[in-house]
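Student: Return a 3D structure for these sequence lines:
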Amino acid sequence: MNSIATSTRFWNALAELVQATTVEIDRPKGSHHPRYVDTIYPLNYGYLVGSMAADGAGIDIWVGSLPDRAITGILCTVDGLLRDVEIKVLLGCTPDEVEIILGFQNQGGQSAILLLRPVDQEGA
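Tutor: Numbers count the residues shown, from 1 in each chain. Modelled structure (predicted):
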């Protein structure tokens, strides 16, 4: 299978997962992190109910302001303090919101890279 077909398959599978799952926002924009009170969430943050990430909890999700709520991309994150790696879904995020999220995820002992969903595969 070529890389374009693999990419299309990945984004379609992720879109199906998100569409079939309820998004639970447990850390609304402006709220404080439950353990690190100086950390304030710049956008809505939550998880996909009934899903499972590598840490055993629901798949993390950032929700932006775009009304269509299409998948914008994913972040691959490394947390040196927790010694874990996770994937976080970005849903309905503007380019400015993506930059804000990247800044948030790249502070302290955390590091993140972004994989944007190709424009030609949005809504596919």
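
Student: Counting neighbours, which bits of the helix-or-strand element of the chain with minimal mean pLDDT end up buried?
Tutor: Scoring the helices and strands of the chain by mean pLDDT, DSSP states H and E places helix 3-19 at the bottom, with a mean of 89. Buried residues in helix 3-19, counted by 16 or more other C-beta atoms under 10 Å: T8, W11, L14, A15, V18. Just so you know, the C-beta spots here come from the backbone N, C-alpha and C atoms, and that holds for glycine as well.

Student: So which other helices or strands are in contact with it?
Tutor: Contacts defined by 3 or more C-beta pairs under 8 Å, 6 or more residues apart in numbering; DSSP states H and E place helix 3-19 against strand 71-79, strand 84-91.

Student: and the spatially most central residue of the chain, how far is that from R83?
Tutor: Centroid check for the chain by C-alpha atoms, centre = their mean gives V89 as the closest residue, at 2.4 Å. Using C-beta to C-beta, to the nearest Å, one gets 22 Å for the distance from V89 to R83.

Student: what do you get for P42?
Tutor: Distance, P42 to R83, using C-beta to C-beta: 25 Å.

Student: which of those two has more neighbours?
Tutor: Legend: neighbour count by other C-beta atoms under 10 Å for P42 and R83, higher for P42 (14 against 8).
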